[in-house]
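Peer 1: here is my input, please return the structure:
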Amino acid sequence: MTDIENWLRNGAGIQEGLRLLSLYKPNPYLARMVERHPDKYRRLLIRTLTGRNPEPTPADRPARSFREDWPFLSKPDCPPELKILAADKITAWANFVRAHEKLFDCVTPEQCLEQAKNCVFYYQQNRKIFSEFAHYQDTGHVLGKHPVFGEVRRSREMLSAGPVELMRRQHNLRAAISRLKRQLDAGGRPDLNAGRAELLAAKERELAEVEKILENFEKSYARRSD
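Peer 2: Residues are numbered from 1 along each chain as shown. Prediction:
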């Protein structure tokens, strides 16, 4: 650690960092990444050698903010679905970065496979949202392919539905949630687990919305009865 600490105190130069990596934590894959894109992977090199997340420097920080990249998010006519996706995009990217960093901590092929699947899953989540944002920014119209558009549409439909229809929907959602949970707990077809978890979260959000509307119906009925 003395060599590594001295390297940090002297500015954490890339070439010396690669030398230390080859001596203390050989990782040819990471070494190639750092050689090709030193600015992008310098912090990961530091983390690998020290086991600590380095403090970000001005060079590490993005030149533009999220809302500067997507200015339509601040406009009053921005579709509500895109505002919902803004938070999801930030979360998906953060999850992707964490999963990518964990790849370098894997010690077995099974761990590598699991983290690689997480990387792909969160990357795809982020790209789906990016496609919606880029299309709206270029055309002024929504692309509408992301599942959130279906969720918002169903929420609007539920507001105009009657109690009987909502109770039927509540029953169906509870059955679907129970089935998805059993599939996840069973551990079969792990390649489908990420998609099942995403669908489960969507069903749980929809159930919460249905039960909230039903609760409002009950309160309204109780007030009329009084």
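
Peer 1: C-alpha only now, for contacts and for neighbours.
Peer 2: Noted.

Peer 1: ok, now how distant is the residue nearest in space to the middle of the chain from residue 121?
Peer 2: Centroid check for the chain by C-alpha atoms, centre = their mean gives residue 92 as the closest residue, at 1.8 Å. Relative to residue 121, residue 92 is positioned 9 Å away (C-alpha to C-alpha, to the nearest Å).

Peer 1: please apply the same query to residue 158.
Peer 2: As judged by C-alpha to C-alpha, residue 158 and residue 121 stand 30 Å apart.

Peer 1: quick one: low-confidence residue ranges for this protein.
Peer 2: 1, 53-64, 224-226 (pLDDT under 70).

Peer 1: how's it carved up into domains?
Peer 2: 2-50, 66-139, 161-225 (automatic domain parsing).

Peer 1: mind listing what's buried in the longest helix seen in the chain?
Peer 2: Identified as the longest helix of the chain according to DSSP state H is helix 193-225. Neighbour counts using 16 or more other C-alpha atoms under 10 Å place 193, 196, 199, 200, 202, 203, 206, 207, 209, 210, 213, 214 of helix 193-225 among the buried residues.

Peer 1: how about those in JSON lines, adding distance to residue 31?
Peer 2: Below are the buried residues of helix 193-225 laid out as JSON lines (distance: C-alpha to C-alpha, whole Å):
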{"residue": "193", "distance to residue 31": "32"}
{"residue": "196", "distance to residue 31": "36"}
{"residue": "199", "distance to residue 31": "38"}
{"residue": "200", "distance to residue 31": "39"}
{"residue": "202", "distance to residue 31": "40"}
{"residue": "203", "distance to residue 31": "43"}
{"residue": "206", "distance to residue 31": "46"}
{"residue": "207", "distance to residue 31": "48"}
{"residue": "209", "distance to residue 31": "49"}
{"residue": "210", "distance to residue 31": "52"}
{"residue": "213", "distance to residue 31": "55"}
{"residue": "214", "distance to residue 31": "57"}
